[in-house]
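Q: Have a look at this prediction, sequence included:
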Amino acid sequence: MKTQIVILTGAGISADSGVATFRDHGGLWEGHRPEEVATPQAWAADPAMVWRFYQMRRASLKDVEPNPGHFAIAELQRRAKTAGVPCTLVTQNVDDLHERAGSTDLLHMHGELVKLRCERCDHHETNDHDLEGDRWIPCRSCGYEKLRPDIVWFGEIPFHLDRIEEVMAGCTQFLSVGTSGVVYPAAGLLHLARSRGAETWVNSLDPPENMDARDRFFPGRGAEVLPGLVEEFCSELGF
């Protein structure tokens, strides 16, 4: 079977860059209950508050930088490409740190903070500069008064599921980084890879909920562990 790599990353890899994780220890999301800022119902009830929250999150991207874990994954993709091996990166993260580290063939399951979309005409656009929390950004396509964050909220369907299923169908090596293993459908990918005979590698601070004895586990922070893990990974694949 032809080698095909799939990488899944979660909040853990970006936490090493100072990006706040999805939930803090109090069960809140950056001081807000998820239902206040991360549901279609919240957007309908108080769009101004939700918009201010996401504008702050968008602005905060300028204060963080990729860490060695992001660069290690980009290096893995570069070496795989040189060797002619498909290597797809699937991320649950909405930041742009993978892109800034040089990653390609990248699928954002939960959307991207640097993008906005129109609920009227489905126009999508990249905008990382209009960051005022009290000013709506109108749609450049249809003129609708306010774009929304291009983020998958609770109750919405994650992006790129068809493409993810396609790459998982041929996956022979699966690397999971910085995920809790509890947020579906992303949490199901490790089991899916395992069930299809892929070799599975896992890096996180603690064993994720979906880990199995068959997985090769590399505990620790991604920024510290991934450079060496990637070297071992590439060495075993011969590139």
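A: Looks like it came in fine.
Q: Thought residue 119 was touching residue 142, still the case?
A: No: contact criterion Cβ atoms under 8 Å: residue 142 and residue 119 do not qualify, at 10.2 Å. C-betas here are computed from N, CA, C, even on glycine.
Q: next SSE after the helix or strand bottoming out on mean pLDDT in the chain?
A: Least confident helix or strand, the chain: helix 34-37 with a mean of 83, by mean pLDDT, DSSP states H and E. The helix or strand immediately downstream of helix 34-37 is helix 40-45, counting by DSSP states H and E.
Q: So which residues of this structure form helices?
A: Ranges of helices in the chain, per DSSP state H, are 11-15, 34-37, 40-45, 47-60, 68-82, 97-101, 161-169, 188-195, 222-237.
Q: how much does the fifth one deviate in direction from helix 222-237?
A: Meaning helix 68-82. 20 degrees (axes from the mean of the first three to the mean of the last three Cα atoms, to 10 degrees).
Q: Just the residues contacting helix 68-82, thanks.
A: 5, 7, 9, 13, 16-17, 86-87, 89, 97-98, 100-105, 175, 177-178, 221-227, 229-230, 233-234, 237, 239 (Cβ atoms under 8 Å, 6 or more residues apart in numbering).
Q: same deal with the first one?
A: Residues lying outside helix 11-15 but in contact with it, judged by Cβ under 8 Å, 6+ apart, are 19, 21-22, 64, 67, 69-70, 73, 92-93, 95, 97, 177-180, 204-205, 221-223, 226.
Q: what's in contact with stretch 206-225?
A: Outside stretch 206-225, the residues touching it (Cβ under 8 Å, 6+ apart) are 12-13, 16-17, 67-69, 72, 176-182, 187-188, 190-191, 194, 199-205, 229.
Q: Straight-line length of that stretch, end to end?
A: End-to-end distance for stretch 206-225: 13 Å, by Cα to Cα, to the nearest Å.
Q: same deal with stretch 91-105?
A: Terminal-residue distance, stretch 91-105 (Cα to Cα): 11 Å.
Q: Quick check: buried residues in it?
A: 91-101, 103 (16 or more other Cβ atoms under 10 Å).
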